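Peer 1: What follows is a predicted protein model with its sequence.
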Amino acid sequence: MQKKCRILLVEPCTEHTREIIQQLAPDLSVLVHRNISSKAELTQALQEEDWDAVVCGDSLSATDTLHSFFANLPGMACQINLGRDGSLNFPYVSEGCFALFGIAPQVIEQQPQQLLDLLHPADRDMFHASLKKSLAKLTPWNWEGRIVLPPNGEIKWVNLRATIRENNAHSTIWEGFMVNITQNKALEQTIKLSRQRLRQLSSHEESIKEEERMRIAREIHDEIGVLLTALKMDLAWLQQRLPQDNEALHEKAQSMSDLLDTAGTSANNLVHSLRPGFLDCFGIIAAIEIEAHEFTKRTGIPCKITKSDDSIELPNEQSITLFRVFQETLNNIMKHAMAKHVHIDIRKVGCGIGLTVEDDGKGFDEAARNKPRSFGLRGMQERLRNLSGDVCITSAPDQGTKIEVCMPIDEAPSCRTNESQQALF
């Protein structure tokens, strides 16, 4: 029968670690079994049996290496204890604490409130809310917020990530890491500001375009339209005075009249494309109905329209933006969808307006949507974002396309929430 191997596993107490390890050497290995607090206890344990091996579960070198590792990390490793009475303590804090907070680790271990007092007043509620969420769901604790450092009130952004190691009736223990993310936050703010300025520039350019289109449309209508009307009247005057027996002259005059009619129609179409006059005269609902009717005349694709109101009042900028998005949607259907039917729904949604355009065409996949030169869809999104609106595009190959637009009717703060978007999407 094979002899069973008997091993003594030793875990020295901290105060006597060095001398015990020296006595155990060179028979040293890595395991845990018995707490030894003195040489006498060790001698007694060694004499109890004829051990096949003597193993030590802790070593000074390993402890020093681990301590050095935490001390040199660019952040603070910590252990956080939440007592049953709701008090927070820090049983362990690494040396990185001083670089992060300017406070020695021993101070925070003995006086945890000093660290908690550094939390920015505006971020304290979120700190405790994230703690409660982690505790309730037993999920990792992830908090990001600001701290205010004395004496000059320097503000740092920090990120805490910790996982629950133990949770019982007496306390909950998290082990994790806290790092300085101030530089990342500054870069994030710079990027956010840059994007905001780009959007403002884009919005300004769109406003200038619309003003220029309106000016050109007015000039075409007022000047070219008047000239064409005058020519038409003069030609009618000449036709009445042509010799009745000269058929060639009458045919030529009629041909000129037809050309003037064609020129007038082209001018009207150009004015319409630049700035639809009925949008200003009759409002967004009528403008969408007329545009859908014209779309059906050009393409033969029937459009069914449902609406919650016959008239919805919109400010000028929002009205033209919604109409341009609608025009772009119909243009995409005409060019790409190969649809047989289009359904248009426009209605009030809370304090906003919702527009849905759905076709039964060939649709497209995600790759087509993200093509580098897919400017139509991106243009819609940017136009709407400038006015606190949003667009949701749903499509799949052979499943048609559905475009849902939501935009607040005015600039009131209550209309900038997501309530109307959630109701629509």
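Peer 2: Structure's in. What do you need? Numbers count the residues shown, from 1 in each chain.
Peer 1: CA atoms for contacts and neighbours, from now on please.
Peer 2: Fine.
Peer 1: And the pLDDT for Ser87?
Peer 2: Ser87 is assigned 90 on the pLDDT scale.
Peer 1: roughly how far apart are it and Ile301?
Peer 2: Look at Ser87 and Ile301: by CA to CA, to the nearest Å, they are 69 Å apart.
Peer 1: and the two? which has more neighbours close in?
Peer 2: Taking other CA atoms under 10 Å, Ser87 and Ile301 do not tie; Ile301 has more neighbours (18 against 11).
Peer 1: my hunch is that the more buried one is in a helix, does that hold up?
Peer 2: No - looking at Ile301 with DSSP: H, G, I helix; E, B strand; the rest coil, it is coil, so not inside a helix.
Peer 1: Could you pull up the contacting residues of it?
Peer 2: By CA atoms under 8 Å, 6 or more residues apart in numbering, Ile301 lies in contact with Phe295, Ala339, Lys340, His341, Val342.
Peer 1: May I see the buried residues of stretch 150-169?
Peer 2: Buried residues in stretch 150-169, defined by neighbour count with 16 or more other CA atoms under 10 Å: Lys156, Trp157, Val158, Asn159, Leu160, Arg161, Ala162, Thr163, Ile164.
Peer 1: my bad, should have said stretch 313-325
Peer 2: Neighbour-count burial for stretch 313-325 [16+ other CA under 10 Å]: Leu314, Gln318, Ser319, Ile320, Thr321, Leu322, Phe323, Arg324, Val325.
Peer 1: Restricted to strands, list the residues you listed.
Peer 2: Among those, none falls in strands (DSSP state E).
Peer 1: Just give me the closest of the residues you listed to Ile103.
Peer 2: Gln318 (54.2 Å; CA to CA).
Peer 1: Tell me who's in contact with that closest one.
Peer 2: Contacts of Gln318 by CA under 8 Å, 6+ apart are Leu387, Ile409.
Peer 1: ditto for Arg241
Peer 2: Contacts here follow CA under 8 Å, 6+ apart; on that basis Arg241 touches nothing.
Peer 1: For the buried residues of stretch 313-325, give me TSV that also has distance to Gln254.
Peer 2: Converted to TSV, the buried residues of stretch 313-325 look like this (distance: CA to CA, whole Å):
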residue	distance to Gln254
Leu314	45
Gln318	45
Ser319	42
Ile320	39
Thr321	42
Leu322	42
Phe323	38
Arg324	38
Val325	41
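Peer 1: Which single one of those is nearest to Asn81?
Peer 2: Using CA to CA, those come closest to Asn81 at Gln318, 53.7 Å.
Peer 1: mind checking how far that closest one is from Thr306?
Peer 2: According to CA to CA, Gln318 stands 20 Å off from Thr306.
Peer 1: related to what we said a few turns ago, with pLDDT and distance to Leu231 added, can I get the buried residues of stretch 150-169 in JSON lines?
Peer 2: Output for those, formatted as JSON lines (pLDDT from 0 to 100; distance: CA to CA, whole Å):
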{"residue": "Lys156", "pLDDT": "93", "distance to Leu231": "75"}
{"residue": "Trp157", "pLDDT": "95", "distance to Leu231": "73"}
{"residue": "Val158", "pLDDT": "94", "distance to Leu231": "76"}
{"residue": "Asn159", "pLDDT": "94", "distance to Leu231": "76"}
{"residue": "Leu160", "pLDDT": "94", "distance to Leu231": "79"}
{"residue": "Arg161", "pLDDT": "92", "distance to Leu231": "79"}
{"residue": "Ala162", "pLDDT": "92", "distance to Leu231": "82"}
{"residue": "Thr163", "pLDDT": "91", "distance to Leu231": "84"}
{"residue": "Ile164", "pLDDT": "89", "distance to Leu231": "86"}
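Peer 1: Kind regards, and thank you for your time.
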